[in-house]
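A.B. asks: sequence first, predicted coordinates after that:
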Amino acid sequence: MAVRAFEGKEHAAAYLQYRVAPKELISRIVSYMKETTPNQFSLALDVGCGSGQGTIPLAPHFTKVVGTDVSPAQLEMALTNENPPNVSYRECPAEKLPFASGEVDLVAAMTAAHWFDREKFLLEADRVLRPGGCLALLSYTLDMELEYGDVSTTLNDICEELHAALHPFRNPYLETHSMKIYSNMFDSCSYPDKEWNECLRVKRVLPLSGYIGMVGTFATFQNLVQKDPEEAERLLNVARNKLMSAMKVSSLDAEVTVVVKYFYWLARKPL
């Protein structure tokens, strides 16, 4: 792994509680595989699986699903899930997967590949993928939108202020925008059968506490916590209070629609 993150036990627990399972993206990956090489769904890897949000939704589609991560704390959280019997987890770096060459039908990395040594990971994914196997990389932008009655614009202005305050604490390895990282990886993938998708809007109705909790799991926020925990708590409290005031609610249980904007790419290894 080029950068190790999300490894503290408290952070891993928050990750499990607040991160969204990308079920719509799983459906797109499976559809892509059925269109290109149907009936080859034996083994799927979820690389950088964290606490298993993307691992478990793969289970209905594959004979065996393995989530891999470099963080023992994240894998400990993953094991607290109600995991289907065909799901298991392995501790290993993304660049050194403990699988035989040509053994894997799907290598997926969900909101994780930006932390990898990208060149080494792509080589390793190519090694373990069978001919015709699928490589799927996805992530999302931090400019999530909130929808709530006629105050959605106000809520999104508040969210933009929060993200602007957190931006200086972005890890330099992530450059200025994660989408560019994935675009570069897409360009460097030599597979001729591949597709890039810049925006898939995924909506989730969550309590306001769920959105605030999700922001608390972001690497930028966690970096601020390490540097100045009081300022991190102050920023989150200010945003929380502004959102509640705009929504005219007195409880964080009030539900809001969170729009997560995913980007992803899919590629098929040549036969």
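C.D. replies: The structure has been received and is ready for your questions.

A.B. asks: longest helix of this protein?
C.D. replies: If you go by DSSP state H, the chain has its longest helix at helix 229-247.

A.B. asks: where do the helices of this structure begin and end?
C.D. replies: Ranges of helices in the chain, per DSSP H, are 9-18, 23-36, 72-78, 118-128, 152-166, 178-188, 208-217, 219-227, 229-247.

A.B. asks: format those as TSV; extra columns: mean pLDDT.
C.D. replies: Below are these laid out as TSV (pLDDT from 0 to 100):
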stretch	mean pLDDT
helix 9-18	46
helix 23-36	90
helix 72-78	89
helix 118-128	97
helix 152-166	94
helix 178-188	93
helix 208-217	87
helix 219-227	88
helix 229-247	95
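
A.B. asks: just send those back as CSV, with mean neighbour count too.
C.D. replies: C-betas here are computed from N, CA, C, even on glycine. Below are the helices of the chain laid out as CSV (neighbours: other Cβ atoms under 10 Å):
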stretch, mean neighbour count
helix 9-18, 18
helix 23-36, 17
helix 72-78, 20
helix 118-128, 19
helix 152-166, 16
helix 178-188, 16
helix 208-217, 19
helix 219-227, 18
helix 229-247, 15
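
A.B. asks: how about the strands in the stretch 1-150 of the chain?
C.D. replies: 43-47, 64-69, 87-91, 104-110, 129-140, 145-147 (DSSP state E, counting those that start in this stretch).

A.B. asks: rebuild those as a markdown table, extending it with mean neighbour count and distance to residue 223.
C.D. replies: Converted to a markdown table, the strands of the stretch 1-150 of the chain look like this (neighbours: other Cβ atoms under 10 Å; distance: least, Cβ to Cβ, whole Å):
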| stretch | mean neighbour count | distance to residue 223 |
| --- | --- | --- |
| strand 43-47 | 27 | 23 |
| strand 64-69 | 25 | 20 |
| strand 87-91 | 17 | 24 |
| strand 104-110 | 26 | 21 |
| strand 129-140 | 22 | 18 |
| strand 145-147 | 18 | 23 |
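
A.B. asks: perfect, I'm done here.
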